[in-house]
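Predicted coordinates and the sequence they were generated for:
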Amino acid sequence: VEFIRASCYISNYCTDDNLKRMIQAAHPRDGDGYEAWLLLKTNCYREPNDLALQEMDNMWNDCNFMSVGIDENSINNTIRFLHHLNSRRPAAKQYDEDQIVVGEATRLLLASHLRIDST
């Protein structure tokens, strides 16, 4: 998909008529898809409620090597997954880098007590 026509594709799949008109007004023909996406993201984003934040906390706390699979890349994949989970949180509720490292170290220590057979 070319970026030149990407806003047309976004506009075609948008179901809200007001948003569709906003995209078409801002990018009538050869609009930038990235700008159209930002417009949708800005107008459609909702802050997660307490229940959603609790679910995010549970996913964070339950994350382990089994969540990403056990192989030679388990540590890197777990760190990536933690960063992904963190990026879904509102900016004010995101974990800082120290908390991510502590979380990963805890997971490593817990995993060291597991006996994993490579069969």
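Everything's here; your move.

From now on I want contacts and neighbour counts done on CA atoms only, so please keep to that.
Will do.

What's the first helix or strand after the worst-scoring helix or strand of the chain on mean pLDDT?
Lowest by mean pLDDT, DSSP states H and E among the helices and strands of the chain is helix 3-13, with a mean of 66. As assigned by DSSP states H and E, the chain's next helix or strand after helix 3-13 is helix 17-26.

Report the buried residues of that next one.
L19, K20, I23, Q24 (16 or more other C-alpha atoms under 10 Å).

So which of those residues is the closest to L82?
Using C-alpha to C-alpha, L19 is the member of the buried residues of helix 17-26 that lies nearest L82, at 32.8 Å.

does P48 count as helix, strand or coil?
coil (DSSP: H, G, I helix; E, B strand; the rest coil).

Next, give me the two most distant ones among the buried residues of helix 17-26.
Farthest apart among the buried residues of helix 17-26 - using C-alpha to C-alpha - are L19 and Q24, which lie 8.5 Å from each other.

tell me which element the spatially closest residue to S67 that is not a sequence neighbour falls in.
In this structure, S67 finds its nearest non-sequential neighbour in T78, 7.8 Å apart by C-alpha to C-alpha, 6 or more residues apart in numbering. Secondary structure assignment for T78, by DSSP H and E: helix 74-87.

Good, wrapping up.
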